[in-house]
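Student: Quick one, what's the 3D model for this:
(4 chains)
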There are 2 protein chains.
Amino acid sequence: MTTETMNIREMCETFDVTPRTLRFYESKELLFPVREGQRRLFTKRDRARLKLILRGKRFGFSLEEIRQLLDLYHMDDGQEVQLSKTFELAKTHLADMEAQRAELDEAIAEMKKQMEWGAKKLASLAGDPKD
Amino acid sequence: MTTETMNIREMCETFDVTPRTLRFYESKELLFPVREGQRRLFTKRDRARLKLILRGKRFGFSLEEIRQLLDLYHMDDGQEVQLSKTFELAKTHLADMEAQRAELDEAIAEMKKQMEWGAKKLASLAGDPKD
DNA sequence: CGTATCTTTTACGTTAACGTCAATTTATCT
DNA sequence: AGATAAATTGACGTTAACGTAAAAGATACG
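Tutor: Numbering: from 1, shown residues only, chains lettered A, B, ... in the order given. Predicted coordinates for the structure are as follows:
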């Protein structure tokens, strides 16, 4: 099974990103591909991290915020201090996300309302032309 | 009642933004404050728009995307073509937002799971010190 | 072996969304 | 009127998150 690691091209196709993006994330210490000579090989762990990175971006988190949060998902045997700091950080972000969810619900409701109004307007314009 | 319009300072305090931001949004045609001589006076409509702008930003929309969407909320007697285009745009964004909500729910669930793991780890480290 | 393709490094370029600073104008206070 | 404070208009600066192009080494292929 050669699916253990992926080269940069496979990564790009799988996640719809450019090579530049992957190298950039590595330079920012978000990913840690191993090397086979010069070439990068992305592990299962890199793929899991990238998935979380892209998700974080969709929620409006910066790469630096994401980088810190990734530690929570990766933490194997960190020191207690580090863990508890990360834990605090995660609590904050969880609260952020739940707040965002509430606002999103509200926004969706409002948008639907506006769209109903728009639909009515459209109908009246179509059915009741000014001659 | 002088609360009909607000000056730039009042706006900044109310919405926690800088003057530069408000002028920038005006330059990008997101806000349309009236003038009293040189000074800007922000109307109720500007305040409603700003609220939507800030919300849109929190959902990761760009100012340009937001600008286009604002038309939907402002549309009084636009032409039918414009209205129906805006309507289509809104449908797309609504779908985006609902997808985002689904992903957000998933992310929240995962984050909670990770945090439970973290909490356990913390407890074991605290209650079971290595000597 | 030559060449075409892929990847890498280096480095400068770009866009969005403001920040910052200087020079003026306008309003306010004493 | 003079000083002080607040708002405005340029205009250049900044940061994040990549894009893009050049030069060079590694690999594959006929």
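
Student: Let me see the contact set for A:Gly60.
Tutor: A:Gln100, B:Lys57, B:Arg58, B:Phe59, B:Gly60 (C-beta atoms under 8 Å, 6 or more residues apart in numbering or on different chains). Every residue, glycine included, has its C-beta placed from N, CA and C.

Student: ok, now with 10 Å
Tutor: Counting by C-beta atoms under 10 Å, 6 or more residues apart in numbering or on different chains, A:Gly60 touches A:Asp96, A:Gln100, B:Lys57, B:Arg58, B:Phe59, B:Gly60, B:Phe61, B:Gln100.

Student: Which among those residues count as buried?
Tutor: A:Gln100, B:Arg58, B:Phe59, B:Phe61, B:Gln100 (16 or more other C-beta atoms under 10 Å in any protein chain shown).

Student: name the helices or strands packed onto the one helix or strand the first one maps to?
Tutor: Element membership of A:Gln100 [criterion: DSSP states H and E] is helix A:80-127. Here helix A:80-127 touches helix A:63-74, helix B:44-58, helix B:63-74, helix B:80-127, going by 3 or more C-beta pairs under 10 Å, 6 or more residues apart in numbering or on different chains; DSSP states H and E.

Student: Among the contacts of A:Gly60, which ones lie close to DNA strand C?
Tutor: Among the contacts of A:Gly60, proximity to DNA strand C is found for B:Lys57 (C-beta under 7 Å from any atom of the strand).

Student: can you name the two of the contacts of A:Gly60 that are farthest apart?
Tutor: A:Asp96 and B:Phe61 (17.1 Å; C-beta to C-beta).

Student: Please render the contacts of A:Gly60 as a markdown table that adds pLDDT and distance to DNA strand D to the earlier fields.
Tutor: Formatted as a markdown table, those follow (pLDDT from 0 to 100; distance: C-beta to the nearest atom of the strand, whole Å):
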| residue | pLDDT | distance to DNA strand D |
| --- | --- | --- |
| A:Asp96 | 88 | 15 |
| A:Gln100 | 90 | 17 |
| B:Lys57 | 89 | 14 |
| B:Arg58 | 85 | 15 |
| B:Phe59 | 84 | 16 |
| B:Gly60 | 82 | 11 |
| B:Phe61 | 87 | 15 |
| B:Gln100 | 90 | 17 |
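
Student: now, which of the contacts of A:Gly60 sits nearest DNA strand C?
Tutor: B:Lys57 (6.1 Å; C-beta to the nearest atom of the strand).

Student: Quick check: the closest one touching B:Leu63?
Tutor: Yes: applying C-beta atoms under 10 Å as the test, B:Lys57 and B:Leu63 come out as touching, 7.7 Å apart.

Student: Quick one: residues contacting A:Phe59.
Tutor: Residues near A:Phe59 by C-beta under 10 Å, 6+ apart: A:65-66, A:93, A:96-97, A:100-101, B:58-60, B:100, B:103-104, B:107.

Student: redo that, cut-off 7 Å
Tutor: A:Met97, A:Gln100, B:Gly60, B:Leu104, B:Ala107 (C-beta atoms under 7 Å, 6 or more residues apart in numbering or on different chains).

Student: Is the last one in contact with A:Leu54, as I believe?
Tutor: No: between B:Ala107 and A:Leu54 no contact is recorded; they are 11.4 Å apart, counting by C-beta atoms under 7 Å.
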